[in-house]
Each structure stands twice: as structure tokens, then as C-alpha cells.
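Trainee: Coordinates for the following, if possible.
(2 chains)
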Amino acid sequence: MENKVKSYLLKIPGQTDNLELIRNFVSGIAKKVGFDEEDTNKIELAIDEACTNVIEHAYQHDESQDIDIAVKIDYNKFTIVVADRGRSFDMDEVEIPDMSSYLAELRVGGLGIYLMRTLMDEVDYHSKPGEKNEVTMVKYFLKKGKKAKKKA
Amino acid sequence: MNDFIVKRKDADDVSIVYLKGYLDAHTAPDFENALQDLVDENRVRIVVNLAELTYISSAGLGVFMGFIEDIRNKKGDIKLAEPNDKVFRVFDLLGFPVLYEIFKKEEEAIEKYRSS
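Mentor: Okay, here's the model as predicted:
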């Protein structure tokens, strides 16, 4: 089976006014490879939440820092890796937010993480302290009872 | 560049806020300012018309959450009207339909204030 991965890379300053560009880049690729509107929208929101967390928490609005976004397409899945060189945090400590502490969750990026986990099939977080942090999000092409058309 | 525009219309004691474009971490402060103005003027019977809102993230949802308690304590409310499917799905993911009244038409939201 062909195991070729195609990568699309974006290196972009970590500023909130770049979020739209980031969304357009990633959702554009999602559409191109055949995700339907609903899945494309989920991917779009997930990348927004991931990058907003980097800007607000990892970089704390330091606009001199870049975010590295890699979109990888292989035979069965769409993978986004968001890498930053800012402060890391322990994703495993984040639980499902409860609405009464919504604002508290918003402040610490918990809502974004909850959304990412709900929108994507897999979300993993790796941190090399002092070097870089990476969030990897995956959405599979094929679903139960529904065949996605994958175009290269 | 106007990627997000907030407009407001006052109709007696109800204020309707119209959102156009995308509501994310970059544009959320504009919406926040509009709601703050209303609260400062004690205009707390608010309808947010979402017909032209094309996108919302948790930053946008957070603006609503930042004001709702204070507004309800002042006997007001924020009612939502005319979200498109994409925006409604995001609301649904975070439990908004339980917290907010969401109407298909602006007129219905305004009418809800009149009849209560």
C-alpha cells in the first residue's frame, strides 16, 4: 500500500490577526482532499483553537514568535501539527470543562482543548521544555457508514 | 480591513446587535466593546442577530459568557437570533442552547421580551 505523505507547511507570526489566514490555509487543504463541509468546519475550528492557545498561553501575545503549522496527508488521515517555542502546559491536567467554570476554562485554554478533542479524532500534545511544544491533531478520512472521497 | 462589523439598533427598551463576518480571538474585543457600551447605558434587553455571522470560535463564545451573568442580574438577557447551521453547531458543542434562548427570527426574540 502506498505510504506517501504529502506535507503542506505554514510558518506564520503568532498574532490573532493571522488566525483567519491560518484557518483559510488549513481548511483549504481539507476541502481539496475531499472532506465535506461539516468536517472542514470542524478542522477549521480545531486549528483556530490550537493556534489561539499558542498565541495566548504559549507566547502570551509575544508577536515576534512564529507558529509552525504542518498539514500532512496520507492514505487514511489528515494530520495537523502545530508547533511553538513558548511556554508549555500539561494537557493531561485539563478535564472536560463544566459550564459554571466556563470563564475560568476560557482563561486557561481549557475550552479550546475540549473543542479540539471533540472536533478531531485524535489530539496529542508533546513538549520538549525549552525547545518546542507540539499539538498533533488527526482526522481520519473513512468513517463508519460513510465513505469520504479522498482526492490527492 | 473590515473582517468583522458590529452594528446596533435600539428599539424602545430592546437593543439589537448585528454581527457580520467572523468572531474569533482577534475580533472578539469589538463585540465585547459593543456589549460593554450597552451595559454602561443600562440597556440590558439585548438580542444578538447572527444572520451574517459566518464563523465563531471559543473566544467569541467567551464574550457572551463574560456578560451574561451581570446582565441577568440586572434583569436583562442576551437572546440569540438567526444563527446559521455552522455557527449553531459550535453553540451546540458548548451547550449554549441550554444557557441561551435561540430564535429563528429576530422578531421572535424581541417579542419574547415584550411578552415577559
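
Trainee: What score does the residue nearest to residue A:129 when sequence neighbours are not counted have for pLDDT?
Mentor: Nearest residue to residue A:129 in three dimensions, chain neighbours excluded: residue A:88, at 5.9 Å (C-beta to C-beta, 6 or more residues apart in numbering or on different chains). (Each C-beta comes from the backbone N, C-alpha and C, glycine too.) Per-residue confidence (pLDDT) for residue A:88: 83.

Trainee: Could you list the residues of chain A in contact with chain B?
Mentor: A:16-17, A:19-20, A:23, A:37-38, A:41, A:44-45, A:48-49, A:52, A:55-56, A:99, A:102-103, A:106, A:111-112, A:115, A:118-119 (C-beta under 8 Å from any C-beta of the partner chain).

Trainee: just checking, which of those residues belong to helices?
Mentor: Here DSSP state H is the test, and these give A:19-20, A:23, A:37-38, A:41, A:44-45, A:48-49, A:52, A:102-103, A:106, A:111-112, A:115, A:118-119 as lying in helices.

Trainee: Put the buried members of those into a PyMOL selection.
Mentor: Selection of the buried residues among those in PyMOL, burial being defined by 16 or more other C-beta atoms under 10 Å in any protein chain shown:
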select buried, chain A and resi 19+20+23+41+44+45+48+49+52+102+106+111+112+115+119
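
Trainee: Can you pull up the most central residue in the chain?
Mentor: All of this refers to chain A. residue A:47 (3.6 Å; C-alpha atoms, centre = their mean).

Trainee: ah, I was thinking of chain B
Mentor: residue B:48 (3.2 Å).

Trainee: just checking, residue B:104 touches residue B:82?
Mentor: Yes: under the criterion of C-beta atoms under 8 Å, residue B:104 makes contact with residue B:82 at 6.7 Å.

Trainee: Quick check on the two: which one has the bigger neighbour count.
Mentor: Comparing residue B:104 with residue B:82 by other C-beta atoms under 10 Å in any protein chain shown, the one with more neighbours is residue B:82, at 21 against 10.

Trainee: Leaving out the residues flanking it, which one is nearest to the more buried one?
Mentor: residue B:51 is the one closest to residue B:82 (C-beta to C-beta, 6+ apart), at 4.0 Å.

Trainee: Next up, the contacts around that neighbour.
Mentor: B:18, B:81-82, B:84, B:106 (C-beta atoms under 8 Å, 6 or more residues apart in numbering or on different chains).

Trainee: go on, residue A:135?
Mentor: A:50, A:53, A:81-82, A:91, A:116, A:123-125.

Trainee: ok, now with 6 Å
Mentor: When contacts are counted by C-beta atoms under 6 Å, 6 or more residues apart in numbering or on different chains, residue A:135 touches A:50, A:82, A:125.

Trainee: so which strand or helix has it?
Mentor: strand A:132-140 (DSSP states H and E).

Trainee: close to chain A, is the longest helix along chain B?
Mentor: In chain B, with assignment by DSSP H, the single longest helix is helix B:58-73. Yes: judged by C-beta under 6 Å from any C-beta of the partner chain, helix B:58-73 and chain A are in contact via B:58, B:62, B:65.

Trainee: Same list, those residues, but as a markdown table with distance to residue B:77 and neighbour count please.
Mentor: Output for the residues of helix B:58-73 next to chain A, formatted as a markdown table (distance: C-beta to C-beta, whole Å; neighbours: other C-beta atoms under 10 Å in any protein chain shown):
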| residue | distance to residue B:77 | neighbour count |
| --- | --- | --- |
| B:58 | 22 | 30 |
| B:62 | 18 | 20 |
| B:65 | 14 | 20 |
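
Trainee: tell me which of those is nearest to residue B:10?
Mentor: Nearest to residue B:10 out of the residues of helix B:58-73 next to chain A is residue B:65 (C-beta to C-beta; 23.8 Å).

Trainee: Look up how far chain A lies from the residue nearest to residue B:82.
Mentor: Taking C-beta to the nearest C-beta, to the nearest Å as the measure, residue B:51 falls 18 Å from chain A.

Trainee: where in the chain is pLDDT low?
Mentor: All of this refers to chain A. Counting by pLDDT under 70, chain A shows low-confidence ranges at A:1-2, A:89-109, A:143-152.

Trainee: look at chain B instead
Mentor: B:1-2.
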